[in-house]
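# coordinates only, sequence not included:
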């Protein structure tokens, strides 16, 4: 299996000495492919600074350029994304779709890396097959292009996201349907085998590294869209995966855009407090038809308590304490594994992880009761998350959920641009849009349209899409237009990274009587035209340039 490691020194020798192989992501991060039984051996090497198992990220499923003031910028500034890369890391892309072609029929896709088709991976990577623009054009000239390049977007998610960010289709009003219709596209399909709805963190890490490498080689700035989300984490940006994304956002001329997810009204987050020598019971329902789900419970490491899970048929797991470390319980056809984690060098908190899965058939649905039995408590704060809607549906939920802190990972990472979703026809936040956390100081950066968005459909034509996945590419495309104006047209050569985020926040539309930043809209609604007005005032940037005499 694969593990993520942060390291120093010779990671290749370390991997070889334990019978594995290393794939370098940067000077600090690598993926090691190793037998599961050999993972404990890695802890013996001083070169290894931290280890993290890969986790699943699910596609956030569920347009209006005018509402986001993007059409104004396209027309008034004459910008279309020329000279900028829009990278879509997703379920793939329909490379035959007219939205991703030039007027002469040739492709606008510079590279398509399909991690699910083994054969010819990019330099420095071990997975998938990379197709160049020349190879895509050769396939497009054939009657059956998929016989030549078999990469398909079966889910259709990536094609729709790419269409919003960089499609060059025309609406019935004669306007562009994509934010950056002349940007160059790099597409990475993740999710190996029959996995169309989710990808592993390791796959996304490879994809981000790949896009930045290609952008550097081409000497082009890149706006990267990651429309994935998960609840499996502390929601504080302290996993290796999230730290890696933050580090990558500092590399090259890059902006990474991530939606806040669709967990706002899902009922998948519980937050509460417990005192010493107290028993607290939290209830939740599980839907029918599930083969697995998890509960990720986070607590202060200084607090001591045990846990007990009561199944829908009344069967008790018994009280499980930290002394057990890992405890497995069987009931009917269901296997419960409870794992007491330890603090990492990034976080002083402790996770208690409940893995529930069936050995055959499906898990008995109904009401579950999770008891927390405390002894000595110093802090008492407890946060728990169930899986996302995309994993367990709307009928799995806590009976007393918290409405805050529902932004999904990896939007919780530092230095990414967090995009929430709103209904541009009503002006109100979409009920499903993930909300921030005052306690963790994590807010959305900007809100973009997310309800009934018209975009490219895999297989041809167009369709309507809803979800924060389809809000993020409005911002990704906007970032591409900003980079074209600043970097390509040489108006502001350092317009990337946190500088993009800052100007988007500054130019956002804000309503009177509402305090900003807030947990839903962040700094307000995307208004690219207003952002451009501010950018022109700060044209050359660089806070210390005035010191130069």
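Okay, I see it. Remember, it's a predicted structure, so these values are computed and weren't measured experimentally. Residues are numbered from 1 along each chain as shown.

# Can you mark which positions in stretch 442-453 are buried?
Of the residues in stretch 442-453, those scored as buried under the neighbour-count criterion (16 or more other CB atoms under 10 Å) are 442-451, 453. Heads up, the C-betas are built off the backbone N, CA and C, glycines and all.

# closest to residue 224 among the residues you listed?
Proximity of those to residue 224 was ranked by CB to CB; the top entry is residue 445 with 15.0 Å.

# any idea how far residue 136 is from the closest one?
Applying CB to CB, to the nearest Å, the value for residue 445 to residue 136 is 34 Å.

# for residue 232, same thing?
As for residue 232, its distance to residue 136 is 35 Å (criterion: CB to CB).

# repeat for residue 410
Plainly put, residue 410 is 29 Å away from residue 136 if you go by CB to CB.

# Also residue 268?
Using CB to CB, one gets 40 Å for the distance from residue 268 to residue 136.

# ok, longest helix in this protein?
Longest helix in the chain by number of residues, with DSSP state H as the criterion: helix 201-218.

# partners of whatever helix or strand comes next after that helix in the sheet?
Of the helices and strands lying after helix 201-218 in sequence (DSSP states H and E), the nearest is strand 222-226. Counting by DSSP bridges, the strands paired with strand 222-226 are strand 85-90 (parallel), strand 254-259 (parallel).

# Next, the angle from the last one to helix 201-218.
This points to strand 254-259. Direction vectors for strand 254-259 and helix 201-218, defined by axes from the mean of the first three to the mean of the last three CA atoms, to 10 degrees, enclose an angle of 150 degrees.

# cool, the first one as well?
On the basis of the same axes, to 10 degrees, strand 85-90 is oriented at 160 degrees to helix 201-218.

# name the helices or strands packed onto the following helix or strand past strand 85-90?
Per DSSP H and E, the first helix or strand lying C-terminal to strand 85-90 is strand 109-114. In terms of contacts (3 or more CB pairs under 8 Å, 6 or more residues apart in numbering; DSSP states H and E), strand 109-114 is packed against strand 129-132, helix 133-140, strand 184-189, helix 201-218.

# Next one: the residue positioned nearest the centre of the chain from residue 381, what distance?
Nearest to the geometric centre of the chain sits residue 228, at 3.7 Å (CA atoms, centre = their mean). As defined by CB to CB, residue 228 lies at a distance of 28 Å from residue 381.

# just residue 503 next, same as before
Distance, residue 503 to residue 381, by CB to CB: 36 Å.

# next one: residue 411
From residue 411 over to residue 381 (counting by CB to CB), the distance is 22 Å.

# Quick one: residues contacting residue 502.
Under the criterion of CB atoms under 8 Å, 6 or more residues apart in numbering, residue 502 has no neighbours.

# so it is in which element?
helix 498-507.

# And the average pLDDT for that helix is what?
In this model, helix 498-507 carries a mean pLDDT of 97.

# Also compute the angle for it relative to strand 254-259, please.
Taking the same axes, to 10 degrees, helix 498-507 and strand 254-259 form an angle of 50 degrees between their directions.

# Not counting whichever helix or strand comes after helix 498-507 itself, show me its contacts.
Sequence-wise, the next helix or strand downstream of helix 498-507 (DSSP H and E) is helix 528-537. Outside helix 528-537, the residues within contact range by CB under 8 Å, 6+ apart are 68-70, 72-73, 76-77, 478, 481-482, 485-486, 491-492, 495, 503-504, 506-509.

# rewinding a little: settle it for me: which of residue 503 and residue 381 has more neighbours?
More crowded of residue 503 and residue 381, by other CB atoms under 10 Å: residue 503, with 25 against 15.

# For residue 521, see how far away the more buried one is.
Taken as CB to CB, the spacing of residue 503 relative to residue 521 amounts to 17 Å.

# And residue 231, by the same measure?
Spatial separation of residue 231 from residue 521 under the definition CB to CB is 22 Å.

# quick one: low-confidence ranges for the stretch 51-200 of the chain?
Applying pLDDT under 70 to the stretch 51-200 of the chain flags the ranges 57-64, 171-175, 192-197.

# again, 90 this time
51-69, 126, 169-177, 191-200 (pLDDT under 90).

# Reformat the strands paired with strand 222-226 as a markdown table; add mean neighbour count and distance to residue 241.
Formatted as a markdown table, the entries for the strands paired with strand 222-226 read as follows, by neighbours: other CB atoms under 10 Å; distance: least, CB to CB, whole Å:
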| stretch | mean neighbour count | distance to residue 241 |
| --- | --- | --- |
| strand 85-90 | 30 | 13 |
| strand 254-259 | 30 | 12 |
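
# With that, I have no additional questions.
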